[in-house]
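**Student:** From the sequence below, what's the structure:
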Amino acid sequence: MSEPASDHARVAVIGSGPLAAEVVRNLGLVGVPVAVHRPEDFWQTLRLADLQDCYCAVAAGISSEDRRRLNALCQVAAADFVCVATGVDGITVESFPFGSDPDCACVECEAPADDGDFTAPVTDPIASSIAGALAAAAALHCASRGARRLCAPEISEASTLVPLARRDNCRACAPPWRAPRVIRTRNRWTGRDFLAAEATALAAQRVRLSDAVVTACDCAGCGPVAALTAFVNRPAAEAAAIPACPGCGTDSVRIEARDTFSLGELTERFGRGPVPAKFALAEIGGMAVCFDLETAARDPGSAA
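**Tutor:** As a prediction, the model looks like this:
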């Protein structure tokens with residue numbers, strides 16, 4: 001598998017192993033530039049700006065949590081999204097045309113195929129080859145109306161194609177996730193001097209971060225523990241990996257985390273430092289806006 005490549009990639013493939021390799025091979029056969037990202041670090045390597053230049057992202061055999069995060073990224077970037085997997089139930093290919101149908105269902109709208117299908121290793125090279133070809137075809141022809149799921153239980157059996165319905169109360173589809181206006185900005189939360197007069201109104205503005213942030217972390221038995229409180233204001237995914245309290249050794253760690261804050265609270269928590277998130281979403285004046293926090297954060301010449 002290659003590393004993220006090509007400044008002119010038109011499809012981003014997230015996955016590793018034979019299934020992802022087959023997707024890349026089939027796209028290469030028709031001359032489509034591809035960037036490959038490993039499941040374990042795609043959240044860092046796949047930038048929102050890069051995905052906006054692609055017309056599709058393909059999830060090849062990755063976990064449900066990774067699919068959920070990639071789904072959110074594709075919704076914001078208005079990029080089509082394809083999920084492919086092989087397993088004991090055969091081949092599954094799901095297509096979500098976010099680029100052409102802003103009202104289509106998303107990964108979280110319907111119960112997905114068994115997560116074991118998406119993460120199980122591909123043992124049949126023929127199934128892997130067919131699944132890779134189907135996913136590549138779906139990536140090239142995803143633009144349409146409505147999300148859908150293609151299931152092929154056996155290589156020798158007929159496949160079925162079913163529509164996926166959008167769920168009214170799906171949080172992943174709620175505004176402002178769908179195709180907001182993207183503004184690239186510095187990851188800085190202290191207002192400039194000329195905004196002082198608007199500070200009160202700005203402080204009340206609610207924003208939703210792409211990543212949940214730890215707001216409290218302690219032990220039910222020991223109370224505050226330095227090693228635990230150090231996780232406050234860091235990504236929730238980091239704190240979730242804590243096996244036990246470092247003080248008493250018991251499984252009594254309490255973690256509070258959320259992804260929605262007011263600008264005033266973000267200013268208090270992070271000041272001039274960066275927020276640990278890829279982007280922030282808000283509704284301003286009835287318009288959905290996405291603040292892309294990555295570009296300046298990766299520019300060594302920009303201030304925090």
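**Student:** In this structure Gly221 contacts Arg254, no?
**Tutor:** No. Using C-beta atoms under 8 Å, Gly221 makes no contact with Arg254, being 10.0 Å away. Yep, even glycine has a C-beta here, placed from its N, CA and C like the rest.
**Student:** Can you report how many residues neighbour Ser129?
**Tutor:** 18 (other C-beta atoms under 10 Å).
**Student:** got a list of what it touches?
**Tutor:** The neighbours of Ser129, taking C-beta atoms under 8 Å, 6 or more residues apart in numbering as the test, are Glu22.
**Student:** so it, which of the three states?
**Tutor:** Under DSSP: H, G, I helix; E, B strand; the rest coil, the three-state class of Ser129 is helix.
**Student:** Which pLDDT value belongs to it?
**Tutor:** At Ser129, the model reports a pLDDT of 91.
**Student:** roughly how far apart are it and Glu22?
**Tutor:** Computed as C-beta to C-beta, to the nearest Å, the Ser129 to Glu22 distance reads 5 Å.
**Student:** now swap in Pro180 and tell me
**Tutor:** For Pro180 relative to Glu22 (C-beta to C-beta), the value is 34 Å.
**Student:** So for those two, which residue has more residues nearby?
**Tutor:** Using other C-beta under 10 Å as the criterion, Pro180 and Glu22 rank with Glu22 on top: 26 against 22.
**Student:** Report all helices and strands that whichever strand or helix holds the more buried one contacts.
**Tutor:** Secondary structure from DSSP states H and E places Glu22 in helix 18-29. Using 3 or more C-beta pairs under 8 Å, 6 or more residues apart in numbering; DSSP states H and E, the elements in contact with helix 18-29 are strand 11-15, strand 34-37, strand 56-60, strand 80-87, helix 125-140.
**Student:** next SSE after the longest one?
**Tutor:** The one in question is helix 125-140. For helix 125-140, the succeeding helix or strand toward the C-terminus, using DSSP H and E, is strand 147-152.
**Student:** from the middle of its chain, how far away would that next one be?
**Tutor:** The chain centroid and the centroid of strand 147-152 are separated by 21 Å under C-alpha atoms, centre = their mean, to the nearest Å.
**Student:** so what strands line up beside it?
**Tutor:** strand 90-96 (antiparallel), strand 160-164 (antiparallel) (DSSP bridges).
**Student:** So what's the residue count around Ala21?
**Tutor:** Residues near Ala21, counting by other C-beta under 10 Å, number 20.
**Student:** Angles on the backbone of Ala288, please.
**Tutor:** Per-residue torsions, Ala288: phi -80, psi 130 (degrees, to the nearest 10).
**Student:** give the contact list for it.
**Tutor:** By C-beta under 8 Å, 6+ apart, the contact list for Ala288 reads Pro175, Pro176, Trp177, Arg178, Ala179, Pro180, Arg181, Leu281, Ala282.
**Student:** Columns distance to Asp259, pLDDT and secondary structure on top of these, output as CSV?
**Tutor:** Output for the contacts of Ala288, formatted as CSV (distance: C-beta to C-beta, whole Å; pLDDT from 0 to 100; DSSP: H, G, I helix; E, B strand; the rest coil):
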residue, distance to Asp259, pLDDT, secondary structure
Pro175, 15, 80, coil
Pro176, 13, 81, coil
Trp177, 12, 82, coil
Arg178, 17, 82, coil
Ala179, 19, 83, coil
Pro180, 15, 90, coil
Arg181, 20, 91, strand
Leu281, 9, 94, strand
Ala282, 12, 93, strand
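**Student:** nearest to Asn71, of those residues?
**Tutor:** Minimum distance to Asn71 across the contacts of Ala288 is 9.3 Å, recorded for Trp177 (C-beta to C-beta).
**Student:** residue contacts, the residue nearest to that closest one when sequence neighbours are not counted?
**Tutor:** Spatial nearest neighbour of Trp177, chain neighbours left out: Gln75 (4.7 Å); criterion: C-beta to C-beta, 6 or more residues apart in numbering. Residues in contact with Gln75 (C-beta under 8 Å, 6+ apart) are Phe98, Cys106, Ala172, Cys173, Trp177, Arg178, Ala179.
**Student:** Within the helices and strands, which one has Gln75?
**Tutor:** According to DSSP H and E, Gln75 maps onto helix 64-77.
**Student:** CA atoms only for that helix, dumped as PDB, please.
**Tutor:** Provided in PDB are the C-alpha atoms of helix 64-77 (Å, rounded to 0.1, in the frame of the first residue of the first chain):
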ATOM      1  CA  SER A  64     -17.600   1.300  12.300                       C
ATOM      2  CA  GLU A  65     -16.000   4.200  14.300                       C
ATOM      3  CA  ASP A  66     -13.600   5.000  11.400                       C
ATOM      4  CA  ARG A  67     -16.600   4.800   8.900                       C
ATOM      5  CA  ARG A  68     -18.500   7.200  11.200                       C
ATOM      6  CA  ARG A  69     -15.700   9.700  11.300                       C
ATOM      7  CA  LEU A  70     -15.100   9.500   7.500                       C
ATOM      8  CA  ASN A  71     -18.800   9.900   6.900                       C
ATOM      9  CA  ALA A  72     -18.800  13.200   8.800                       C
ATOM     10  CA  LEU A  73     -15.800  14.400   6.900                       C
ATOM     11  CA  CYS A  74     -17.400  13.500   3.500                       C
ATOM     12  CA  GLN A  75     -20.600  15.300   4.500                       C
ATOM     13  CA  VAL A  76     -18.800  18.500   5.300                       C
ATOM     14  CA  ALA A  77     -16.700  18.300   2.200                       C
END
